[in-house]
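Undergrad: curious how this folds, go ahead:
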Amino acid sequence: MKIICPDGNGYSYYVQAVDESRYIRVDGVETFLVKAGDYWNGAGGSDALNYRERCEARVTTEDRVGSTQTYAFQLKIPSSYPEFSPKQTLGQWHNGAYDSVYNRYENGEFTICLNNHDTDSFLEYPVTVTKGVWNSFSYTFVWHARAGAVTARVNGKTVVKASGLALVPATARSVYFKYGIYRNMAKGLVGPDQQVSYRQVSRG
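TA: Residues are numbered from 1 along each chain as shown. Modelled structure (predicted):
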């Protein structure tokens, strides 16, 4: 189901969730819960066919390729969060075909990943986050197929500063942000219940 949320800070969005029990927004804090078999678009949809479980906010205000855009948010991974492999994606920037940038979390390891299938390029930057507290993230992107750039800061520390990147495919026209929890699973694999919270999410 779609949970419509038109009032983001610099963006409009909706939540992709199997039902309203998976998403809670209270006093500016958004909490996303994923359970085994959470295929938001139904048993016959693309998520179920590919074993993709999610509860994610999908920002409908998109960034034009060639533009410079800044995002920020605070993320809390609960102390009781069950560690798990395969990866969980806790925030991604999608070019319409795949994610150009994403935050990977797997077995306690957090990594910011820059990903271009067209050039077979994949860069990853390990990041230190602390469970049970709010961690602050900010990103500035120059969305470009040859002269792209990324600066990312986590808890006040610059963790990514790169330029001259093929940041998006040559065919891309825009990029959109998603945040919450996304798990790319496999047939027969049963994952634990997992939830995370976000606050002060902004696009500017």
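Undergrad: so who does Ile77 touch?
TA: Each residue near Ile77 by C-beta atoms under 8 Å, 6 or more residues apart in numbering is listed here: Leu90, Tyr105, Val129, Lys131, Gly132, Asn135, Val196. C-beta coordinates here come from the backbone N, C-alpha and C atoms, glycine included.
Undergrad: now do the contacts for the third one.
TA: Read it as Val129. Shown in contact with Val129 (C-beta under 8 Å, 6+ apart): Leu75, Ile77, Phe110, Asn135, Val154, Asn155.
Undergrad: and if we set it to 6 Å?
TA: Contacts here follow C-beta atoms under 6 Å, 6 or more residues apart in numbering; on that basis Val129 touches Phe110, Asn135.
Undergrad: quick one: buried residues of stretch 6-22?
TA: Neighbour-count burial for stretch 6-22, counted by 16 or more other C-beta atoms under 10 Å, picks out Gly8, Tyr11, Tyr13, Tyr14, Val15, Gln16, Ala17, Val18, Arg22.
Undergrad: what is the nearest of those to Trp40?
TA: Gln16 (4.3 Å; C-beta to C-beta).
Undergrad: quickly list what that closest one is bridged to.
TA: Beta bridges link Gln16 to Lys2, Glu56 when assigned by DSSP bridges.
Undergrad: that one is in contact with Trp40, isn't it?
TA: Yes: taking contacts as C-beta atoms under 6 Å, Gln16 lies within contact range of Trp40: 4.3 Å.
Undergrad: mutual contacts of the two, please.
TA: Counting by C-beta under 6 Å, 6+ apart, the residues touching both Gln16 and Trp40 are Arg54.
Undergrad: now the helices for the chain?
TA: For the chain, the helices defined by DSSP state H occupy 46-50.
Undergrad: so where's it shaky on pLDDT?
TA: Within the chain, no stretch has pLDDT under 70.
Undergrad: since we're on the closest residue to Pro192 other than its chain neighbours, how many residues are nearby?
TA: Spatial nearest neighbour of Pro192, chain neighbours left out: Pro82 (4.1 Å); criterion: C-beta to C-beta, 6 or more residues apart in numbering. Using other C-beta atoms under 10 Å, Pro82 is surrounded by 9 other residues.
Undergrad: how close does the closest residue in space to Leu75 that isn't next to it in sequence get to Val26?
TA: The shortest distance from Leu75 to any non-neighbouring residue, by C-beta to C-beta, 6+ apart, is to Asn135 (5.2 Å). In this view, Asn135 and Val26 are 20 Å apart by C-beta to C-beta, to the nearest Å.
Undergrad: neighbour count winner among the two?
TA: Asn135 (17 against 8).
Undergrad: which parts of stretch 40-52 are buried?
TA: Within stretch 40-52, the residues that count as buried by 16+ other C-beta under 10 Å are Trp40, Asn41, Asp47, Ala48, Tyr51, Arg52.
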